[in-house]
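>>> Sequence and computational prediction follow.
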Amino acid sequence: MELSIIIVNYNVKHFLEQCLFSVHAAIADMPAEVIVVDNNSTDNSLAYLEPKFQNIRFIANSNNIGFGKACNQGFQLASGKYILFLNPDTIVPEDCFKQCISFFESHADAGALGVKMLDGSGRFLKESKRAFPSPTTSLFKLFGLSKLFPHSATFSKYHLGHLDENKNHEVDVLAGAFMMIKKDVLDKIGCFDEAFFMYGEDVDLSYRIQKAGYKNYYFADTSIIHFKGESTKKGSMNYVKMFYNAMSIFVRKHYGGNKAGIFNFLIHTAIWFKALLTAVSGFIRKIGLPLIDAGLIMLSFWAIKNIWSEYVRPDIQYETKLLWIAIPAYTVFYLITAYYAGLYDRWYKKNELIRSSVIATIVLLAAYALLPEQYRFSRAIILFGALLAFLLIGILRWILVMTNVLNSNKDKEQRYNTIIAASEPEYNQAIDLLKEAGLHQRILGRLSVNGDEETSIGSLKKIQSVSTAVPFRELIFCQGSLSFTDIINSIQQLPNNISARIHAAGSGSIVGSDSKDTSGESVSKENGYKLADPYNRRLKRLADVVISLFGILTFPVQLFIIKKPFAFLKNCVLVLFAYKTWVGYTSHQKNLPPLHAAVIACNGLPVSAKQQLPKESLYMMDYWYARDYEPVSDLKLLWRVYRNLGN
C-alpha cells in the first residue's frame with residue numbers, strides 16, 4: 001500500500017462528503033486506503049456517509065476522544081508507505097497526492113510534508129507554514145505586530161511571513177489539516193501525543209520529526225481548500241482555552257529553564273487577555289443587545305410617562321410602586337416577544353422588529369383592559385411608549401448594520417444571488433438539490449464551463465466580465481465537467497466580493513466558507529425542513545411550555561377530562577423541563593431535525609402505542625412532518641387527541 005489517508009470527523013458530515021469525493025478522485029489510480037474515525041458525531045455522519053462510500057473504512061467511537069487520539073487509532077490500522085492526516089473540511093485536487101509522493105522521492109531528507117492551503121474564498125492560509133512557538137514570536141503575535149508587519153522575518157516569524165507562499169521551503173511546523181509523513185518515521189518517533197486533545201499536536205509532532213533528524217517541508221506546487229468547517233470556532237471560549245492550553249503543554253514538554261517560565265507567563269497572559277476579549281464579545285452578541293434594548297424600552301416608557309404627566313394630564317399622579325412594577329414587566333414582555341419573533345437571530349430583519357413590537361403592544365393593551373382599576377394607567381403611555389421604543393431600537397439597529405456589527409437581511413439576500421458553473425445536466429441536478437433545500441429562488445442562471453453556450457448567461461473563463469454585468473454574490477462550482485483542480489484554480493481567480501461553494505458529482509450537499517475565522521456553511525435537503533428553522537423551533541418550544549403550564553395549573557379540572565390524569569401530569573413536567581415534546585416523530589429518526597421523545601406521534605397516536613404501518617411509511621410521515629411543519633398543526637392535533645395526553 002502506497003498511501004493511507006486518515007480523517008477524523010466530528011459533526012461535519014457534508015464537508016466530509018465533499019472531501020471524500022475529492023479524495024476518491026485523487027486516489028483513483030494509485031494503491032491507497034482511506035480510514036475515517038468518527039468521534040461520536042451527533043449529526044448522523046456515519047449513517048449518511050457509509051452507504052455512499054462502501055470502499056472506505058469507518059470507525060465509530062462512542063465518545064469524543066480528541067483529534068490526536070483518533071488519529072492514532074486510524075494509524076494503528078494503516079499500512080501505507082506514507083500516512084496522510086487530513087481534515088474533513090478540505091478539498092484536494094486530483095494530482096495532489098502523486099505530487100506530494102514525488103517530492104518525497106526526490107528529497108530523501110524529508111520526514112513530513114504540508115501543502116499550500118487556501119480558505120473557501122481562495123485566500124492563502126498563513127498556518128500552512130509556521131515556526132516553532134517562542135516567547136518573542138508569541139509576544140509579537142499577541143500584540144498584533146505580526147499583522148502590522150506581515151512580511152517581516154522578525155515580527156511575523158510565527159507564520160514565516162518572509163517566505164514566499166508560492167515557493168517550496170523547509171519549515172518548522174506543518175498544519176494538522178494536511179500532514180503527510182513517512183510511515184517509517186512515525187514508527188520510529190511515535191504518532192501524535194495524546195496529551196493534546198485538540199490543537200498543538202501538530203506542533204509537537206513537527207518538533208519530534210525535526211529532533212529525529214528529518215526535515216519538514218512546505219510544498220507550494222499543489223494547493224488544497226481548507227474550509228474551516230469544524231465545530232470549534234475561533235474566538236469562542238472553548239477555542240481560546242484549548243489552543244493556549246495546548247501551547248502550555250508543548251512548552252512544558254520541550255522547553256526548560258527560564259525560557260519555559262517566560263513562555264508560560266506569556267501564554268497565561270494571552271489566555272486571560274483572549275478570554276476577556278471573548279467574554280466581552282460573547283456578552284455583546286448574546287446578552288448585550290437584549291440588555292441595550294431593555295434599557296431603550298424602559299427609557300421610552302419612562303419618558304412618555306413623564307411627558308404625559310407633565311404636559312397632557314398633569315392632574316393625574318401615578319404611584320411610584322406601580323411604575324416600578326409595570327415598566328420592567330412591560331420591558332420583559334417585549335424582550336420575550338422579540339426573541340420569539342427572531343429579532344436576535346443571526347440576520348437582522350426589519351419586519352421582525354415591526355412584528356414583535358405590534359404583537360407585544362396589542363397583547364399589553366388587551367391585558368391592560370383586564371387589570372383592576374387601581375393597577376391601570378393611561379393606554380396612551382403604552383401606545384406611545386411602544387412607538388418610541390420601536391423608533392429607538394430601529395435607529396440602534398440601523399447604526400449597528402451601518403457599522404457592520406450586525407448583518408442585515410438585505411445583505412443576506414444580496415449575498416445569496418447565485419449563479420452555478422456547470423454543464424446543463426449538472427446545473428439541473430444542482431437546482432433539484434436547491435429546490436429540496438428551499439433555496440432555488442436565489443439562482444440567477446448558469447455559467448458554461450466549455451465556452452459560451454446559448455442557454456448560459458456567460459462563461460466561467462470570462463468570470464470577471466460576468467461579475468460586472470450580473471448582480472450575483474455567490475458562485476456554486478459543480479464538479480464533474482470541472483475537475484477539483486479546475487475548481488481550486490478558479491476560486492483563486494474570483495473577484496473579492498464573490499463567495500464560492502462546491503458541489504461534487506453524486507453528492508447530496510453544497511459546501512463553502514466565506515472566511516478563515518468562521519465555520520463553513522452547507523446546503524442540503526435538510527435545509528428544506530421547516531422544523532429545522534430556528535423560528536419554528538422556538539414556537540414549538542413555546543407551545544410545549546404553555547400547554548404544560550396550563551395542564552399543571554388546571555390539573556384538578558384535568559382529573560375529570562384526561563383518561564390517565566396522573567400520567568398526563570407527569571408528561572406535563574417532562575415536557576416543561578424539555579425531556580419530552582408534546583408532538584414528535586413516530587419513532588427515533590437519525591436523518592431528520594432532532595426532537596425530544598414525543599408524547600403524541602405526528603400521526604395522532606400515542607408514541608407508546610404499537611404502530612401498525614411499516615417502517616417506510618412511518619418514516620415518510622415523519623419526513624412530511626419535519627418538511628411541512630406548522631406550529632398551528634401541532635395545536636390542532638393536540639386538541640383532537642386531548643383526552644389521550646396521559647398515554
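Yep, it's here. Residues are numbered from 1 along each chain as shown.
>>> Now the lengthiest strand in the chain: buried residues?
Using DSSP state E, we find that the single longest strand of the chain is strand 215-226. By 16 or more other Cβ atoms under 10 Å, the buried positions in strand 215-226 come out as 216-220, 222-226. C-beta coordinates here come from the backbone N, C-alpha and C atoms, glycine included.
>>> now do stretch 168-182
Buried residues in stretch 168-182, counted by 16+ other Cβ under 10 Å: 168, 171-182.
>>> list the contacts for residue 16?
Residues near residue 16 by Cβ atoms under 8 Å, 6 or more residues apart in numbering: 7, 9, 36, 45, 49, 88-89.
>>> let me fix that: residue 478
Applying Cβ under 8 Å, 6+ apart to residue 478 gives the contacts 420-423, 426-427, 429-430, 503, 505.
>>> hmm, try it at 7 Å
420-422, 426, 430, 503 (Cβ atoms under 7 Å, 6 or more residues apart in numbering).
>>> Then residue 45?
Residue 45 touches 9, 13, 16, 38, counting by Cβ under 7 Å, 6+ apart.
>>> and which of these is nearest to residue 122?
Closest approach between the contacts of residue 45 and residue 122, by Cβ to Cβ: residue 16, at 21.3 Å.
>>> Please tell me how far the closest one sits from residue 90.
Residue 16 is 9 Å from residue 90, where distance means Cβ to Cβ, to the nearest Å.
>>> export the longest strand of the chain as CSV, just CAs?
The C-alpha coordinates for strand 215-226 follow below in CSV (Å, rounded to 0.1, in the frame of the first residue of the first chain):
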residue,chain,number,x,y,z
LYS,A,215,13.1,17.9,7.7
ASN,A,216,9.6,19.3,7.4
TYR,A,217,8.8,20.8,4.0
TYR,A,218,6.2,23.3,2.9
PHE,A,219,5.2,22.2,-0.6
ALA,A,220,3.7,25.0,-2.7
ASP,A,221,3.3,23.1,-6.0
THR,A,222,-0.2,21.9,-5.1
SER,A,223,-3.0,23.7,-3.3
ILE,A,224,-6.0,22.5,-1.3
ILE,A,225,-9.1,24.2,0.0
HIS,A,226,-9.5,24.2,3.8
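>>> which residues sit against the host helix or strand of residue 114?
Assigned by DSSP states H and E, residue 114 belongs to strand 110-118. Outside strand 110-118, the residues that touch it by Cβ under 7 Å, 6+ apart are 100, 103-104, 124-125, 128, 165, 174-175, 177-182, 185, 206, 209, 214-220, 222-226, 492.
>>> Please pull out the lowest mean pLDDT helix or strand from the chain.
helix 409-415 (a mean of 48; mean pLDDT, DSSP states H and E).
>>> List the strands paired with the next helix or strand after that helix, with their directions.
Going down the chain from helix 409-415, the next helix or strand is strand 418-421, by DSSP H and E. Strand 418-421 pairs in its sheet with strand 443-448 (parallel), strand 474-478 (parallel), by DSSP bridges.
>>> same for the next helix or strand after the longest one, what does it pack against?
Beyond strand 443-448 on the C-terminal side, the first helix or strand identified by DSSP H and E is strand 458-459. Judged by 3 or more Cβ pairs under 7 Å, 6 or more residues apart in numbering; DSSP states H and E, strand 458-459 is in contact with strand 443-448.
>>> got the buried residues for the strand it packs on?
443, 446-448.
>>> Kindly report the same for stretch 288-295.
Neighbour-count burial for stretch 288-295 [16+ other Cβ under 10 Å]: 289, 293-294.
>>> any residues touching the one helix or strand residue 70 maps to, and which ones?
Using DSSP H and E, residue 70 sits within helix 67-75. Applying Cβ under 7 Å, 6+ apart, the external contacts of helix 67-75 come out as 6, 8, 35, 37, 39, 59, 61, 83, 85, 186, 191-194, 196, 198, 201.
>>> Beyond that helix, next helix or strand please.
For helix 67-75, the following helix or strand on the C-terminal side (DSSP H and E) is strand 82-86.
>>> Show me what the helix or strand just after that next one is packed against.
As assigned by DSSP H and E, the chain's next helix or strand after strand 82-86 is strand 90-91. On a contact count with 3+ Cβ pairs under 7 Å, 6+ apart, strand 90-91 meets helix 13-26, strand 215-226.
>>> Next, the angle helix 13-26 makes with the very next helix or strand once past strand 90-91.
Where DSSP H and E defines the elements, the next helix or strand beyond strand 90-91 is helix 96-106. Between the axis of helix 96-106 and that of helix 13-26 there is an angle of 60 degrees, by axes from the mean of the first three to the mean of the last three Cα atoms, to 10 degrees.
>>> quick one: helix 96-106 to strand 110-118, angle?
Using the same axes, to 10 degrees: helix 96-106 against strand 110-118 is 150 degrees.
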